[in-house]
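Asker: Sequence and predicted structure are below.
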Amino acid sequence: MTTKTCTRFCTPLAGVRKTSASSKLTSGTESKITPSAAVQHKKIPTTTTSSNDSNIETTFTFKLNRDTVGSDVISSESSDPLESDCSEETEEENLQQKQLQHDKKKIQSKHFSSNIRSSDSTTILSIDNENVTDVDEDTEDDVVDLTNNDDSDKSDQDDGNESDDEETDDESDESSSVQTAKGIRKYHLDDYKIIKTVGTGTFGRVCLCLDTVSEKYCAMKILAITEVIRLKQIEHVKNERNILREIRHPFVISLEWSTKDSTNLYMIFDYVCGGELFTYLRNAGKFTTQTSNFFAAEIVSALEYLHSLQIVYRDLKPENLLINRDGHLKITDFGFAKKLRDRTWTLCGTPEYIAPEIIQSKGHNKAVDWWALGVLIYEMLVGYPPFYDEQPFGIYEKILNGKIEWERHMDAVAKDLIKKLLVNDRTKRLGNMKNGADDVKRHRWFKHLNWTDVYNKKLKPPILPEVQHDGDTGNFDDYPEEDGKPVKVVDQRDLQLFNEF
Ligand SMILES: Nc1ncnc2c1ncn2[C@@H]1O[C@H](COP(=O)(O)OP(=O)(O)OP(=O)(O)O)[C@@H](O)[C@H]1O
């Protein structure tokens, strides 16, 4: 057992990332990025945490589980909930180095979580729910169940969505028959020709592929099973896939098929060729009210839908918002999403975007998404998030303190909406009161909108990505391909962990 701590912090990295979309921006306010705007939202390793939420200066205890089987449990005590494991073990270091490069390249917001995967981290947090006893019951749908083990509690997350028609007994793991709009299709991994990596994460990559059967481009998320197990992300990945299978919305990424072989898990999505909203925002500096309003409206539509299915998304930020060829949004990365039957306690999110109740380990619900929407609207309009500090703990202090600096010429109506979303008391937070999302939709900042038109993509997109063809990767960075790298085959026992995948 080792005890070690280190602090992961947000460093201004503007300019480091190749701004592949810079020349492709067709609208938006060009302005110089201020140092504070050059925020890199670092993804923080997952840990175990407990806290006394009655005290704002919460003390967090971390138990960093390194291995899945017979794990070394690393504990550290820290006043910073984002302190991470800085192991000197070679494997760990290598991965961290790899991830550091990945981070620098992407200048991407990174999140932390308990029991959650983390792309620039090799450690996993698992929340110590036994220590979570302080649960307030301030909203109607917060039915408290102290036996809930959040993401580690698989039974709580199963959505019963295993469809009988998806797999037949005589099919191998890598193939399955699925009912599609055009009839039953027998999918097989060999149907997909991998073209290029367009994104990387902690234990895998996302590649542009050609579906040789439909002759359509798609995105294949490939997760190395050994890494998923080592980082204790089994339930999370299964959760991601189960939720994705359940949902269908114009502004949410569509999962077409998922499968596994003896080395990897695979998820096939529609390919969103415009790249990340994050890139466009950083290149523009900030967005106009009109542009911000357009993207916010599409997100409200998606959140309303997800919440109607009791799904809390928990990772709203510009990096997870992809722009399609038609200029409309697709929310991606459901790695932190959770189907709620009650409140959940997992410490997860991105420092700049997390709600106070997450920091205070009060148990949280869909209200955290409305908080994050307030942060996002602010960041789109101002160019940097409302709560920012070089150190995560500084960010949390600011979030709990609730003081927001407003630009002098800020749109007053947008400011009013942001203020109503960034309300510390979630019972008074817009979106989380008895009228739910309707309160947000009826706010004056959205009063010109017809929400059916929003859903039907009738609004004119403010940004049209420059795309030559459906398989264009020009809006994504280049990543080294890992051809020839030995792949780790997992044994049957481990593979069984993913039986339903
Ligand atoms: N359907 C898609 N079409 C195009 N690009 C995509 C798609 N899905 C993901 N990407 C790209 O791949 C990147 C990584 O995807 P995603 O966030 O789902 O993976 P992840 O392993 O969860 O990553 P991380 O660990 O950084 O959260 C995204 O930031 C995005 O740029």
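Answerer: Happy to help now that I have it. Numbering: from 1, shown residues only.
Asker: can you list the domains in this structure?
Answerer: For the chain, the structural domains run 183-272+471-497, 275-456, going by the TED database.
Asker: tell me the most buried of those?
Answerer: The highest mean neighbour count among these belongs to domain 275-456 (a mean of 21), with neighbours defined as mean count of other C-beta atoms under 10 Å. Backbone N, C-alpha and C define where each C-beta goes, glycine included.
Asker: mind checking the end-to-end distance for that one?
Answerer: 21 Å (C-alpha to C-alpha, to the nearest Å).
Asker: Kindly report the same for stretch 433-449.
Answerer: With C-alpha to C-alpha as the measure, the first residue of stretch 433-449 is 21 Å from its last.
Asker: who's in contact with it?
Answerer: By C-beta atoms under 8 Å, 6 or more residues apart in numbering, the surrounding residues in contact with stretch 433-449 are 140, 293, 296-297, 300, 303-304, 307, 370, 373, 411, 413-414, 416-417, 420-421, 427, 430-431, 451, 459.
Asker: Below-threshold pLDDT in the stretch 201-350 of the chain: ranges please.
Answerer: Per-residue confidence for the stretch 201-350 of the chain (pLDDT under 70) gives these ranges: 342-347.
Asker: model confidence over the helix or strand hosting residue 396, on average?
Answerer: Assignment of secondary structure by DSSP states H and E places residue 396 within helix 392-401. In this model, helix 392-401 has a mean pLDDT of 94.
Asker: and it, what does it pack onto?
Answerer: In terms of contacts (3 or more C-beta pairs under 8 Å, 6 or more residues apart in numbering; DSSP states H and E), helix 392-401 is packed against helix 356-359.
Asker: and with 10 Å instead?
Answerer: Contact analysis of helix 392-401 by 3 or more C-beta pairs under 10 Å, 6 or more residues apart in numbering; DSSP states H and E lists strand 83-84, helix 356-359 as its packing neighbours.
Asker: need the least confident one among the ones you listed, by mean pLDDT.
Answerer: Across the helices and strands packed on helix 392-401, strand 83-84 has the smallest mean pLDDT, namely a mean of 29.
Asker: who does residue 252 bridge with?
Answerer: residue 331 (DSSP bridges).
Asker: Next up, the contacts around it.
Answerer: By C-beta atoms under 10 Å, 6 or more residues apart in numbering, residue 252 lies in contact with 244, 301-303, 305-306, 311, 313, 329-332, 334.
Asker: Poorly predicted segments of the stretch 401-501 of the chain, please.
Answerer: 483-486.
Asker: And the lengthiest helix in the chain, what does it pack against?
Answerer: Secondary structure assigned by DSSP state H gives helix 289-308 as the longest helix of the chain. Contacting helix 289-308 under the criterion 3+ C-beta pairs under 10 Å, 6+ apart are the following elements: helix 277-284, strand 311-312, strand 321-323, strand 329-331, helix 367-382, helix 412-421, helix 437-441, helix 451-455.
Asker: Now do the fifth one: which elements does it pack against?
Answerer: What that stands for is helix 367-382. Using 3+ C-beta pairs under 10 Å, 6+ apart as the test, helix 367-382 ends up in contact with helix 277-284, strand 285-286, helix 289-308, strand 311-312, strand 348-349, helix 356-359, helix 412-421, helix 437-441.
Asker: Can you name the residues of this structure sitting close to the ligand?
Answerer: With C-beta under 6 Å from any ligand atom as the criterion, the chain meets the ligand at residues 119, 198-199, 201-202, 204, 206, 219, 221, 253, 269-272, 276, 319, 322, 332-333, 335.
Asker: Now with 5 Å, please.
Answerer: Neighbours of the ligand within the chain, by C-beta under 5 Å from any ligand atom: 119, 198-199, 201-202, 206, 219, 269, 271-272, 332-333, 335.
Asker: closest point of the stretch 301-450 of the chain to the ligand, which residue?
Answerer: Nearest to the ligand in the stretch 301-450 of the chain, going by C-beta to the nearest ligand atom, is residue 333, at a distance of 3.6 Å.
Asker: so how far is residue 476 from the closest residue to that residue other than its chain neighbours?
Answerer: Excluding the flanking residues, the one nearest residue 333 by C-beta to C-beta, 6 or more residues apart in numbering is residue 320, at 4.6 Å. In this structure, residue 320 and residue 476 are separated by 14 Å, where distance is defined by C-beta to C-beta, to the nearest Å.
Asker: Can you list the buried residues in stretch 457-467?
Answerer: Within stretch 457-467, the residues that qualify as buried by neighbour count (16 or more other C-beta atoms under 10 Å) are 457, 459, 461-465, 467.
Asker: okay if I get those residues as CSV plus secondary structure?
Answerer: As requested, the buried residues of stretch 457-467 are arranged in CSV below (DSSP: H, G, I helix; E, B strand; the rest coil):
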residue, secondary structure
457, coil
459, coil
461, coil
462, coil
463, coil
464, coil
465, coil
467, coil
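Asker: all helices of the stretch 151-300 of the chain, in order?
Answerer: Along the stretch 151-300 of the chain, counting by DSSP state H, counting those that start in this stretch, helices occupy 154-157, 225-230, 234-246, 277-284, 289-308.
Asker: would you turn those helices into TSV with distance to residue 445?
Answerer: Conversion of the helices of the stretch 151-300 of the chain to TSV gives the following (distance: least, C-beta to C-beta, whole Å):
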stretch	distance to residue 445
helix 154-157	34
helix 225-230	41
helix 234-246	29
helix 277-284	18
helix 289-308	7
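Asker: Residue 398: which of these is closest?
Answerer: Comparing the helices of the stretch 151-300 of the chain by their distance to residue 398 (C-beta to C-beta), the top pick is helix 277-284, with 20.6 Å.
Asker: rewinding a little: contact partners for the residue of the stretch 301-450 of the chain closest to the ligand?
Answerer: The neighbours of residue 333, taking C-beta under 10 Å, 6+ apart as the test, are 111, 119, 199, 201, 206, 221, 240, 253, 313, 315, 317, 319-322.
Asker: what does residue 416 give?
Answerer: By C-beta under 10 Å, 6+ apart, the contact list for residue 416 reads 430, 443-445.
Asker: Between which two of these is the distance greatest?
Answerer: Comparing all pairs in these by C-beta to C-beta, the longest separation belongs to 430 and 444, at 11.8 Å.
Asker: surely residue 269 meets residue 255?
Answerer: Yes - under the criterion of C-beta atoms under 10 Å, residue 269 is in contact with residue 255, at a separation of 5.9 Å.
Asker: what residues are shared contacts of those two?
Answerer: Overlap of the contact sets of residue 269 and residue 255 (by C-beta under 10 Å, 6+ apart) consists of 221, 244.
Asker: before we move on, the earlier item: hey, what's in contact with both of residue 430 and residue 444?
Answerer: In the contact map built from C-beta under 10 Å, 6+ apart, the residues linked to both residue 430 and residue 444 are 416-417.
Asker: Any chance of the backbone angles for the residue nearest to residue 276 when sequence neighbours are not counted?
Answerer: Ranked by C-beta to C-beta, 6+ apart and with sequence neighbours excluded, the top spatial neighbour of residue 276 is residue 319, at 5.5 Å. With angles defined as degrees, to the nearest 10, residue 319 shows backbone torsions of phi -70, psi -30.
Asker: In this structure residue 319 contacts residue 350, no?
Answerer: Yes - here residue 319 lies in contact with residue 350, judged by C-beta under 10 Å, at a distance of 8.3 Å.
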